[in-house]
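Novice: here are the coordinates; sequence isn't available:
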Ligand code: DX5
Ligand code: ZN
């Protein structure tokens with residue numbers, strides 16, 4: 001299994017996003033954190049910036065919506081030409097419909113769960129999504145400590161997906177470094193988001209390469 005690396009631009013220089021993205025062109029996806037200061041206590045970027053990033057990025061975008069009322073807003077983000085659009089289970093009134101709306105734009109659909117949300121919460125959505133994001137920190141900020149206690153959910157999701165006869169990507173986000181990546185992969189993750197451990201280094205390509213080696 002080859003592991004996908006998705007640098008999170010939350011840790012990049014927001015004054016020069018296009019050139020920051022070009023520096024991580026060896027990544028599989030670019031992870032874009034959208035925060036609304038309601039679902040999480042932080043605020044980042046919105047639709048006009050995401051739309052422009054989708055135009056200039058040579059790497060497919062992986063949008064992580066940490067916003068309230070995903071039912072209303074997620075489809076607008078999905079339809080600007082992104083590879084994948086993730087909404088939070090906790091922020092959706094009708095998660096099944098949100099996933100369907102995202103897929104209908106041609107984007108992959110993904111559902112995220114916070115550390116306190118059990119894997120079972122999304123079992124009946126597994127045929128409606130292409131990826132599940134298991135948060136390994138509380139969403140909202142970069143540079144937090146990795147929560148290994150979230151990892152057993154990956155195995156539970158892998159088993160439930162097999163039972164449902166569907167194939168999923170399993171993503172982890174938060175505190176992923178060359179030290180924690182092996183643990184996440186061993187637990188079943190195949191898509192690794194990394195903010196500080198990529199953009200915190202001057203040589204971003206080397207940082208991505210270190211993550212790939214560590215992830216095996
Ligand atoms: C946090 C975001 C993450 C964040 C991860 O809520 O969803 O994508 O950028 O940052 P690191 O890799 O520094 O933990
Ligand atoms: Zn994220």
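Specialist: It's in. The structure displayed is predicted, hence computed values, not measured ones. Ligands and ions are numbered 1, 2, ... in the order given.
Novice: mind checking pLDDT for residue 142?
Specialist: Looking at residue 142, its pLDDT reads 98.
Novice: does it really touch residue 195, like I thought?
Specialist: Yes: with contacts counted by Cβ atoms under 8 Å, residue 142 reaches residue 195, the gap being 4.2 Å. C-betas here are computed from N, CA, C, even on glycine.
Novice: can you list residues touching both of those two?
Specialist: 8, 10-11 (Cβ atoms under 8 Å, 6 or more residues apart in numbering).
Novice: for those, which one is nearest ligand 2?
Specialist: Closest approach between those and ligand 2, by Cβ to the ion: residue 8, at 5.4 Å.
Novice: could you list every residue that touches the closest one?
Specialist: Residue 8 touches 31-33, 64, 142, 173, 193-195, 198-199, counting by Cβ under 8 Å, 6+ apart.
Novice: Beta-bridge partners for it, please?
Specialist: On the basis of DSSP bridges, residue 8 is bridged to residue 31.
Novice: Give me the distance between it and residue 112.
Specialist: Look at residue 8 and residue 112: by Cβ to Cβ, to the nearest Å, they are 13 Å apart.
Novice: overlap in contacts of the two?
Specialist: 64, 173.
Novice: Tell me how many other residues crowd the residue in the chain that ligand 2 sits nearest to.
Specialist: Going by Cβ to the ion, ligand 2 is nearest to residue 64 of the chain, at 3.7 Å. When neighbours are counted by other Cβ atoms under 10 Å, residue 64 registers 28.
Novice: can you check residue 185 too?
Specialist: 20.
Novice: wait, isn't it in contact with residue 215?
Specialist: Yes: between residue 185 and residue 215 there is a contact at 5.0 Å, judged by Cβ under 8 Å.
Novice: Residues in contact with both of these two, list them for me.
Specialist: Residues touching both residue 185 and residue 215 (Cβ under 8 Å, 6+ apart): 3, 192.
Novice: neighbour-wise, which of residue 142 and residue 195 wins?
Specialist: More crowded of residue 142 and residue 195, by other Cβ under 10 Å: residue 195, with 24 against 21.
Novice: so which strand or helix has residue 34?
Specialist: For residue 34, the host element (DSSP states H and E) is strand 30-35.
Novice: And for residue 214?
Specialist: Going by DSSP H and E, residue 214 is in helix 204-215.
Novice: who does that helix touch, helix- and strand-wise?
Specialist: Judged by 3 or more Cβ pairs under 8 Å, 6 or more residues apart in numbering; DSSP states H and E, the packing partners of helix 204-215 are strand 4-7, helix 181-187, strand 191-194, helix 196-199.
Novice: The spatially most central residue of the chain: what secondary structure?
Specialist: Centroid-nearest residue in the chain, with Cα atoms, centre = their mean: residue 64, separated by 5.2 Å. Using DSSP: H, G, I helix; E, B strand; the rest coil, the structure places residue 64 in strand.
Novice: For the residue of the chain closest to ligand 2, give its distance to residue 210.
Specialist: From residue 64 to residue 210 the distance is 22 Å (Cβ to Cβ).
Novice: Point out the residues in this structure that sit beside ligand 1.
Specialist: Counting by Cβ under 6 Å from any ligand atom, the residues of the chain close to ligand 1 are 8, 10-11, 31, 33, 64, 137, 139-144, 173-176, 193-197.
Novice: near ligand 2, which residues of the protein?
Specialist: With Cβ under 5 Å from the ion as the criterion, the chain comes near ligand 2 at residues 33, 64, 173.
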